[in-house]
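Asker: Got a sequence here, can you build the structure:
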Amino acid sequence: QALRLAVGTSPDGAEYWVPVWALVGRRRRPQVTVTAGVHGDEFEGMRALMQLAQELAPEHLHGSVVLAPMVNPTAFRAGTRPSPVDGLNLNRLFPGSPTGAPSERLAHRLMEGLVQGSDLLVDLHSGGTRLLHAPLSGYYPLPGEVGRISQEAALATGLPYVWNLPQRPGVLSFEAARAGIPATGAEIGGSGRCLGEDVARYRQAVLGVLGYMKILRDAPRPSRHAPVVSGDWLLAAASGFFEPTVTLEQPVKKGQVLGQVLDPFGTTLCEVKAPRAGIVLGLRSFPTASAGDLAVFAPWEGEEGAPPASSI
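Answerer: Model (predicted):
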């Protein structure tokens, strides 16, 4: 069933709404909710959910699947990470507020009308227009069933890396997990593109999770073995022209230069260095950088965390 979830109105009275497919199978439980487009410039997950909405047949489901490919409609319309309405990053505002800024109200509406009541949340992201991500899933190592199911769902995506996510308040998947709803997030692609191979990978990842939850009995069973990595994005310390010196999935050594910021005359203003030996799983692909912008994601294998700079 295709629905329109009303999430607000524009100053001229036009209604903002989120497209939602509610696919109810032979029984209602378990319910998996899959979101994409929290950031309006992250297209791969959006297209994968649009495809799955046309492919999944309720009569073959042993549970419910809720697909919401564009949960930030004004940001999608503008093709931007933050909302053009108030300039806010939706993925720092959950669980939101019914009386706050427009993006805070949207966050509240999504939590109340979409996420609550789910048995698992899957939130799909990408590098957007300015970053490029290697494929990975992520989970929060919380105690009890929430942490266990979140980790198993992350592994069930079949993506080659699993990120021990920084626990940042305001992030949709983290707030769902804190509310007792197991959650996994994922990253694939970016650079303002929507490549068919990345869309296909996300489609398979979602099918793998539905198989893990036993909603799809004939879903692919990917390997449950993937390296768990920890760490967070490293930031540019100066504004200028960013130039990476590494490539995606390249192993790096502690102290290795991963990128540099140059002034207009080509003088190096700062270098981004690896804090530990690890592997490059994310890069800034947009050359313009301001101080504090995300530059390189080079986590290390293991579940030992680090102070967060940003997160999904």
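
Asker: wait, residue 281 sits on residue 300?
Answerer: No - counting by C-beta atoms under 8 Å, residue 281 stays clear of residue 300, with 10.5 Å between them. Bear in mind the C-beta positions are built from the backbone N, C-alpha and C, glycine included.

Asker: of these two, who's got more company?
Answerer: Taking other C-beta atoms under 10 Å, residue 281 and residue 300 do not tie; residue 281 has more neighbours (24 against 18).

Asker: re the thing from before, anything in contact with each of residue 281 and residue 300?
Answerer: Applying C-beta atoms under 8 Å, 6 or more residues apart in numbering, one finds that residue 281 and residue 300 are jointly contacted by residue 229.

Asker: separation between residue 293 and residue 236?
Answerer: Distance, residue 293 to residue 236, by C-beta to C-beta, to the nearest Å: 5 Å.

Asker: go on, residue 43?
Answerer: Taken as C-beta to C-beta, the span from residue 43 to residue 236 is 24 Å.

Asker: What lies in contact with stretch 13-30?
Answerer: Outside stretch 13-30, the residues that reach it (C-beta under 8 Å, 6+ apart) are 1-10, 49, 53, 56, 58-71, 73-74, 106, 110, 114, 119-120, 213-215.

Asker: And for residue 99, the neighbour number?
Answerer: 8.

Asker: Please enumerate the helices of the stretch 151-300 of the chain.
Answerer: Using DSSP state H, counting those that start in this stretch, the helices found in the stretch 151-300 of the chain span residues 172-178, 196-212.

Asker: any chance of those helices in CSV, plus mean neighbour count, distance to residue 243 and mean pLDDT?
Answerer: Below are the helices of the stretch 151-300 of the chain laid out as CSV (neighbours: other C-beta atoms under 10 Å; distance: least, C-beta to C-beta, whole Å; pLDDT from 0 to 100):
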stretch, mean neighbour count, distance to residue 243, mean pLDDT
helix 172-178, 25, 32, 98
helix 196-212, 21, 24, 97
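
Asker: Take these and write them to a markdown table, including distance to residue 130.
Answerer: Output for the helices of the stretch 151-300 of the chain, formatted as a markdown table (distance: least, C-beta to C-beta, whole Å):
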| stretch | distance to residue 130 |
| --- | --- |
| helix 172-178 | 20 |
| helix 196-212 | 16 |
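
Asker: Enumerate every residue touching residue 76.
Answerer: Residue 76 neighbours (C-beta under 8 Å, 6+ apart): 37, 40, 46, 70.

Asker: That one: which element?
Answerer: helix 73-78 (DSSP states H and E).

Asker: residue boundaries of the strands in the stretch 1-150 of the chain?
Answerer: 2-9, 15-24, 31-36, 64-68, 120-125, 131-139 (DSSP state E, counting those that start in this stretch).

Asker: follow-up on the earlier one: quick one: common contacting residues for residue 293 and residue 236?
Answerer: Joint contacts of residue 293 and residue 236 (C-beta under 8 Å, 6+ apart) are 242, 284.

Asker: lowest-confidence helix or strand of the chain?
Answerer: Lowest mean confidence among the helices and strands of the chain (mean pLDDT, DSSP states H and E): strand 2-9, at a mean of 89.

Asker: List the buried residues of that one.
Answerer: Within strand 2-9, the residues that qualify as buried are 5, 7, 8, counting by 16 or more other C-beta atoms under 10 Å.

Asker: domain parsing for this protein?
Answerer: 2-212, 230-301 (automatic domain parsing).

Asker: ok, now how distant is the most centrally placed residue in the chain from residue 214?
Answerer: The residue lying closest to the centre of the chain (C-alpha atoms, centre = their mean) is residue 125, at 3.0 Å. Distance of residue 125 to residue 214, computed by C-beta to C-beta: 26 Å.

Asker: again, but for residue 86
Answerer: 41 Å.

Asker: Compare neighbour counts for these two and give me the winner.
Answerer: Using other C-beta under 10 Å, the more surrounded residue of residue 86 and residue 214 is residue 86, with 16 against 11.
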